[in-house]
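Student: A structural model of the following input is requested.
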Amino acid sequence: METPNILIADDNLLNLELACDVLELEGFHVTLVDSGEESIISSQKSPPDLILMDLRMPGMSGLDALREIRKSAITRDIPVVVLTASVMSGEEDRLLAEGFDGFMQKPISASTFADEVRAFLR
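Tutor: I've put the predicted structure just below:
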């Protein structure tokens with residue numbers, strides 16, 4: 001199996017670095033961006049196998065970025081998993097109904113994160 005390409009969009013540098021370190025240690029190729037707009041540009045240029053998307057970022061939200069990603073023939077079939085600290089009751093169901101392919105909570109667990117990500121790869 002070839003190396004999975006993962007795009008992570010999160011405006012928190014510490015979250016990005018931890019997720020990147022964990023996935024790279026497990027053999028993933030990781031691209032990091034810090035905004036919704038950048039996630040769209042990057043996924044168009046070099047479509048990843050999976051996008052992990054923070055919800056709350058300056059400028060365009062993760063949800064708005066997801067909507068734009070779904071509009072493009074190049075990116076519409078890429079699985080997009082929300083990676084959020086927002087864990088209010090009903091939030092997971094709402095976000096899945098909005099079109100995300102999965103839901104992951106922050107902070108991530110370094111011991112299980114790579115396996116959780118692997119489970120979303122098609």
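
Student: got the buried residues for the longest helix seen in the chain?
Tutor: In the chain, ranked by residue count with DSSP state H as the criterion, the top helix is helix 13-25. The neighbour-count check on helix 13-25 (16 or more other CB atoms under 10 Å) flags 15, 16, 18, 19, 20, 22, 23 as buried. Backbone N, C-alpha and C define where each C-beta goes, glycine included.

Student: Next: stretch 58-68.
Tutor: 60, 61, 62, 63, 65, 66, 68.

Student: Residue 78: which of those is nearest?
Tutor: Relative to residue 78, the closest of the buried residues of stretch 58-68 is residue 66; by CB to CB it sits at 10.2 Å.

Student: State the distance from the closest residue to residue 87 other than its chain neighbours to residue 91.
Tutor: Spatially, and ignoring its direct neighbours in sequence, residue 87 is nearest to residue 105 (5.9 Å; CB to CB, 6 or more residues apart in numbering). According to CB to CB, to the nearest Å, residue 105 and residue 91 sit 10 Å apart.

Student: what's the overlap in contacts for those two?
Tutor: Counting by CB atoms under 8 Å, 6 or more residues apart in numbering, the shared contacts of residue 105 and residue 91 are residue 84.

Student: tell me the centre residue of the protein?
Tutor: Nearest to the mean C-alpha position of the chain, by CA atoms, centre = their mean, lies residue 52 at 0.7 Å.

Student: and that one, what element?
Tutor: Secondary structure from DSSP states H and E places residue 52 in strand 50-53.

Student: same deal with residue 31?
Tutor: Using DSSP H and E, residue 31 sits in strand 29-33.

Student: Now do the strands in the chain.
Tutor: Counting by DSSP state E, the chain has strands at residues 5-9, 29-33, 50-53, 80-84, 102-105.

Student: tell me the contacts of residue 86?
Tutor: With contact set as CB under 8 Å, 6+ apart, residue 86 has these partners: 55, 56.
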